[in-house]
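Participant: Sequence first, predicted model second:
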Amino acid sequence: MSWLSIDAVDGALQRTKKTLFEPFSFWKWIKLGIVILLLGSCGGGGGNYYNLGNPGQQYGGEDPGWEPGLQGVEETVTQFLHQYSTFILLGVLFFVVLILLFSYISNVMEFVLVNSLVTDVVSFWEYSGKYMRQGFNLFIIRFVLGLIFLVLFLAAILPVILPILNSPGNIEHLDIGMFLGGIYFFLGVLILLVTIDGIIQSFINLSIPLAMYQDIGIIAAFKKVLCTFKADWGQIIIYWLIRFALRIVVGIIVGIIALILFIIVFGIIFLCFGILLMLTSVIGLGIDSAVFWVIMVPFALVVFVLMFMFSLLVSVPVPVFMKYHMLTFLESWYPESGIPFNDRNTPEQSVI
């Protein structure tokens, strides 16, 4: 029995080589880097670091300077929140809208990247406009899934929080057994949620090309992938294992190459900076001179642009190879996918 995910490695390498190096196009790399950058995501978190109980009872004595100071801080914070509540709500709303907007753009870029690699033509604006509706549908699906996983996450963390809430201001009365049990339960559920989310996202990624090239919805494409999985689940299991190994191996190889290139580029920039400092010193320009900053500020801007472009370039190979591996596997695993690969050696016609 042939494992399609293993066979797809060679095809992905050949297609990656053709797309990125035959011929090498600087602007093609930059545009793919922008697409991959917009495809990224971000997150955040927070926590509580101490408990506000009754200090006199907790430590067995009175601290005359504690409560007034704490009360003053509470009054200041309360007054600030009351006075600027409208601006705070507007700020929170702005960041929520911004996050949702970037999430929507990220889902549109899923389609843009796939079509760019399949056709070997990077057309940012054309593909973005073409797949806005499908990108929105994908955004809604992932948003609903995110809410479901968030609710499950909050439910899983309750056994950890409840013992603490039941012992406010007195950690000695904390039920350690219940607390540790809650932590183990939370970690188990967290691992389970991450695994389930990874499986669902893998199926969604396989569904995207089907939705694009069979002109169907994401859910309909997801059902087709799921039905094929039920009939041939062994190929998908090996596919997940191979992709896990590929991410590590390819990431290490590209990371080493990128580090060497970064050292070379940074070395050249540092040498130019040293020469520039020496020249300004020779002609008597110090940091208190306006002319010195007139020279250094443009140099810093040029360095920033160069490093940004370098980061875009080095971010391209791994996602391109992994996406080609997924598409090549899907082409063999689901022959009716209809992926119109452009494997002819035609010159690139890219528009942004």
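Facilitator: Cool, the structure landed.

Participant: For the rest of this, base every contact and every neighbour count on C-alpha atoms.
Facilitator: Noted.

Participant: what about residue 342, helix or strand, and which?
Facilitator: For residue 342, there is no host helix or strand (DSSP states H and E).

Participant: Make sure it is actually in contact with residue 116.
Facilitator: No - using Cα atoms under 8 Å, residue 342 is not in contact with residue 116, being 10.2 Å away.

Participant: more neighbours, the two?
Facilitator: Set residue 342 next to residue 116 and count neighbours by other Cα atoms under 10 Å: residue 116 wins out with 18 against 13.

Participant: Please report the distance of the more buried one from residue 209.
Facilitator: 12 Å (Cα to Cα, to the nearest Å).

Participant: again with residue 150
Facilitator: Taking Cα to Cα, one finds residue 150 at 28 Å from residue 209.

Participant: quick one: which of these two has more around it?
Facilitator: The neighbour comparison of residue 150 against residue 209 (other Cα under 10 Å) goes to residue 209, with 25 against 13.

Participant: State the mean pLDDT of the host helix or strand of the more buried one.
Facilitator: Element membership for residue 209 (DSSP H and E) is helix 176-213. What helix 176-213 shows for mean pLDDT is 88.

Participant: which helices and strands does it pack with?
Facilitator: The elements that helix 176-213 packs onto, with contact taken as 3 or more Cα pairs under 8 Å, 6 or more residues apart in numbering; DSSP states H and E, are helix 85-119, helix 132-165, helix 218-231, helix 317-333.

Participant: what's the following helix or strand after the third one?
Facilitator: For helix 218-231, the succeeding helix or strand toward the C-terminus, using DSSP H and E, is helix 233-282.

Participant: hang on, the earlier thing: could you export the helices and strands packed on helix 176-213 as a markdown table, including distance to residue 189 and mean pLDDT?
Facilitator: Supplementary listing: these in a markdown table, determined by distance: least, Cα to Cα, whole Å; pLDDT from 0 to 100:
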| stretch | distance to residue 189 | mean pLDDT |
| --- | --- | --- |
| helix 85-119 | 25 | 92 |
| helix 132-165 | 6 | 87 |
| helix 218-231 | 24 | 93 |
| helix 317-333 | 28 | 94 |
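
Participant: Of those, which stretch is the most buried?
Facilitator: Most buried of the helices and strands packed on helix 176-213 by mean neighbour count (mean count of other Cα atoms under 10 Å) is helix 317-333; its value is a mean of 21.

Participant: re earlier: nearest to residue 250 among the helices and strands packed on helix 176-213 would be which one?
Facilitator: helix 317-333 (6.6 Å; Cα to Cα).

Participant: That closest one packs against which elements?
Facilitator: Secondary-structure packing of helix 317-333 (3+ Cα pairs under 8 Å, 6+ apart): helix 4-21, helix 85-119, helix 176-213, helix 233-282.

Participant: What angle do helix 85-119 and the shortest one make with each other?
Facilitator: Helix 4-21 and helix 85-119 are oriented at 100 degrees to each other (axes from the mean of the first three to the mean of the last three Cα atoms, to 10 degrees).

Participant: After helix 4-21, which helix or strand is next? Please name it.
Facilitator: Sequence-wise, the next helix or strand downstream of helix 4-21 (DSSP H and E) is helix 26-38.

Participant: Contacts for that following helix next, please.
Facilitator: Outside of helix 26-38, the residues within contact range by Cα atoms under 8 Å, 6 or more residues apart in numbering are 20, 102, 105-106, 109, 112-113, 122, 124, 309, 312-313, 315-316, 319, 350, 352.

Participant: Please compute how far stretch 298-306 lies from its chain's middle.
Facilitator: Relative to the centre of its chain, stretch 298-306 is centred 26 Å away, using Cα atoms, centre = their mean, to the nearest Å.

Participant: Stretch 293-302 now?
Facilitator: The answer for stretch 293-302 is 32 Å, by Cα atoms, centre = their mean.

Participant: cool, stretch 22-30 as well?
Facilitator: The gap between where stretch 22-30 is centred and where its chain is centred comes out at 24 Å by Cα atoms, centre = their mean.

Participant: returning to what we had before: minimum distance to residue 2: which of the helices and strands packed on helix 176-213 has it?
Facilitator: So among the helices and strands packed on helix 176-213, helix 317-333 is nearest, using Cα to Cα, at 10.9 Å.

Participant: Nice, that's everything, thank you.
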